[in-house]
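Student: A structural model of the following input is requested.
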Amino acid sequence: MPKLKTRKAAAKRFRATGTGKIVRRKAFKNHLLEKKSSKKKSELSKAVLVKECDADNVRGMMPYL
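Tutor: Residues are numbered from 1 along each chain as shown. Prediction:
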């Protein structure tokens, strides 16, 4: 069998934790930051877990995760 290819777009956006859960960045932290409060920007900086209903799709894009 040939090796499975990883989708590079997914590899740049997601990573696995030690327990096998998938982590992602939050949106809305790229531009237009002047009008956002420091608290909002701080909250957007934190990584969050991918929902379980979406995790299967991500795992399919990254077979060696």
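
Student: show me what the residue nearest the centre of the chain is bridged to.
Tutor: Here the mean C-alpha position of the chain is nearest to the C-alpha of Arg24 (CA atoms, centre = their mean), at a distance of 2.1 Å. When bridges are taken as DSSP bridges, the partners of Arg24 come out as Phe14, Val48.

Student: ok, now which ones touch it?
Tutor: Contacts for Arg24 (CB atoms under 8 Å, 6 or more residues apart in numbering) come out as 13-14, 47-50. Backbone N, C-alpha and C define where each C-beta goes, glycine included.

Student: most neighbours among the residues you listed, which one is it?
Tutor: Neighbours here mean other CB atoms under 10 Å. Within the contacts of Arg24, the largest count is held by Phe14, at 21 neighbours.

Student: just checking, Ala47 touches Arg25?
Tutor: Yes - with contact defined as CB atoms under 8 Å, Ala47 and Arg25 form a contacting pair (6.1 Å).

Student: now Pro2: how far from Lys29?
Tutor: For Pro2, the distance to Lys29 under the criterion CB to CB, to the nearest Å works out to 38 Å.

Student: centre of the chain to the top helix by length along the chain, how far?
Tutor: Longest helix of the chain, by residue count under DSSP state H: helix 52-61. Taking the mean of its C-alpha atoms, helix 52-61 sits 11 Å from the chain's own mean (CA atoms, centre = their mean, to the nearest Å).

Student: perfect, I'm done here.
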